[in-house]
Structure formats: C-alpha cells, structure tokens
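Engineer: Sequence first, predicted model second:
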Amino acid sequence: MPKELKRLMADELRQELDRSPNLLVIGLLPMDSAGTFELRNRLRERGAKLRVVHNRTSRHALDEARRPLGEFFKGSIALTLVPGEEPDMGSVAKALVETAKQKKIEIRGGFVEGQVLDKGGVELLARTPDKKTLRGMLCGALLGPARGIAVSLSAVGGGLARCLKARIEKMPAEAGPGTEVNNPT
C-alpha cells in the first residue's frame with residue numbers, strides 16, 4: 001500500500017479516536033457476511049461502530065492518540081469505537097462477549113475511561129450494570145437508612161396518636177367539664 005494512503009488512513013482513524021474516547025479491540029475469526037452484518041447491527045444499536053483496521057497503521061494512530069494498545073494487535077483485528085459523552089460501554093462489551101461465546105470473534109482488550117483493559121476486564125465490564133442503574137443503586141443505598149429513620153420516627157408519633165384516639169373513644173360521649181368519669185385505668 002502506498003505510504004500516502006497509509007498516512008491518510010491513520011489520520012482518519014486518529015480523528016475517529018478523538019471522537020471516541022473509549023474503544024474495544026477484538027480479534028476477527030473466520031465469519032460469513034451474515035455474521036459480520038449481525039455483529040455490526042448489534043453494535044450500531046448500542047451506539048458503537050466496528051472498524052476493521054490495518055495493524056501497523058492503526059498502531060501509529062493509537063500511539064499518537066496516547067492509547068497504548070499495541071499488545072492486542074496480533075492477527076486480524078477490529079476496533080469497536082464508541083463515540084459520545086456518556087457511552088454505555090457495558091452494553092457494547094456485553095454484545096461482544098455474547099458474540100465471542102458463539103466463537104465468531106476473540107476479545108483482546110480495550111481502552112475505557114482512561115484505563116487499559118485486558119480480556120478479563122472487558123468481560124467484567126460486560127457483567128457490570130450500566131451507569132444509570134449503578135447511580136440508582138447508589139441512591140437507594142444512600143436513601144435507605146434515612147427512609148428507615150423517617151419510618152421509625154413516624155411510627156412513634158403514629159403510635160402515640162392511636163393511643164390518644166383509643167383513650168378518647170373510651171371516654172363517655174356526654175362527659176363535660178365537671179362531670180365525674182368512672183374510668184379505671
């Protein structure tokens with residue numbers, strides 16, 4: 001391939017890397033066109049893009065973008081680029097792990113939120129709930145004790161109110177001031 005074409009390809013990949021702070025590296029196994037089409041659609045639904053790259057050219061682009069992923073570049077590879085401010089990397093990783101279980105791809109690693117992940121890290125990311133769910137779980141954990149205290153305090157006041165109400169209901173209806181009530185308590 002001519003040098004100028006390789007440079008243009010590396011520049012285009014570098015621009016995509018600037019728009020996609022997170023990426024996952026997969027090794028491509030022999031797959032028919034229907035399998036490739038299905039994988040691309042699954043990733044597109046999650047906001048990701050599959051890009052088959054030339055190893056040496058992509059290594060240069062990744063090095064310039066300060067993403068040290070050269071160790072994963074052996075054989076035929078593809079990058080799963082996930083653009084956006086808050087991408088759902090968990091669902092993208094889950095789609096890749098499911099495809100890897102079908103022996104269509106091999107997960108190599110990735111670069112997520114400034115961290116280099118190996119295969120185990122990507123599989124852990126696939127099992128982790130998404131950010132919205134984690135935020136909800138955290139809010140529930142923080143609000144749980146406060147809710148318990150509020151319920152306990154309202155129970156004390158509610159118990160007192162029920163006792164007073166029962167006492168009032170036991171008193172004779174026509175008892176006025178100065179009326180003697182024979183109520184043993």
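Structural biologist: Alright, I've got the coordinates.

Engineer: Secondary structure element for the closest residue to Ile105 other than its chain neighbours, which one?
Structural biologist: Distance criterion CB to CB, 6 or more residues apart in numbering; nearest residue to Ile105, sequence neighbours excluded, is Ile26 at 4.7 Å. For the C-beta atoms, the positions are set from N, CA and C on the backbone; glycine is no exception. Assigned by DSSP states H and E, Ile26 belongs to strand 22-28.

Engineer: about what we covered before: relative to Val97, how far out is the residue nearest to Ile105?
Structural biologist: Going from Ile26 to Val97 by CB to CB, to the nearest Å gives 10 Å.

Engineer: Repeat that for Gly136.
Structural biologist: 23 Å.

Engineer: pLDDT weak spots in this protein?
Structural biologist: For the chain, residues meeting the criterion pLDDT under 70 lie at 1, 60, 63-65, 67-71, 84-87, 172-185.

Engineer: what ranges do the strands span in it?
Structural biologist: 22-28, 49-52, 77-82, 105-112, 115-118 (DSSP state E).

Engineer: Reformat the ones you listed as a markdown table; add distance to Pro129 and mean neighbour count.
Structural biologist: Output for the strands of the chain, formatted as a markdown table (distance: least, CB to CB, whole Å; neighbours: other CB atoms under 10 Å):
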| stretch | distance to Pro129 | mean neighbour count |
| --- | --- | --- |
| strand 22-28 | 17 | 23 |
| strand 49-52 | 23 | 16 |
| strand 77-82 | 17 | 23 |
| strand 105-112 | 15 | 22 |
| strand 115-118 | 17 | 16 |
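
Engineer: would a markdown table of these with distance to Pro2 be doable?
Structural biologist: What follows is the strands of the chain, written out as a markdown table (distance: least, CB to CB, whole Å):
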| stretch | distance to Pro2 |
| --- | --- |
| strand 22-28 | 25 |
| strand 49-52 | 19 |
| strand 77-82 | 22 |
| strand 105-112 | 28 |
| strand 115-118 | 32 |
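
Engineer: centroid residue for the chain?
Structural biologist: When CA atoms, centre = their mean is applied to the chain, the residue found nearest the centroid is Asp130 (1.9 Å).

Engineer: hang on, Glu106 packs against Gly27?
Structural biologist: Yes. Taking CB atoms under 8 Å as the definition, Glu106 is a contact partner of Gly27 at 3.7 Å.

Engineer: List the residues that contact the closest residue in space to Lys49 that isn't next to it in sequence.
Structural biologist: The shortest distance from Lys49 to any non-neighbouring residue, by CB to CB, 6+ apart, is to Leu81 (4.8 Å). Under the criterion of CB atoms under 8 Å, 6 or more residues apart in numbering, the contact list for Leu81 reads Glu16, Leu17, Arg19, Ser20, Leu23, Ala48, Lys49, Arg51.
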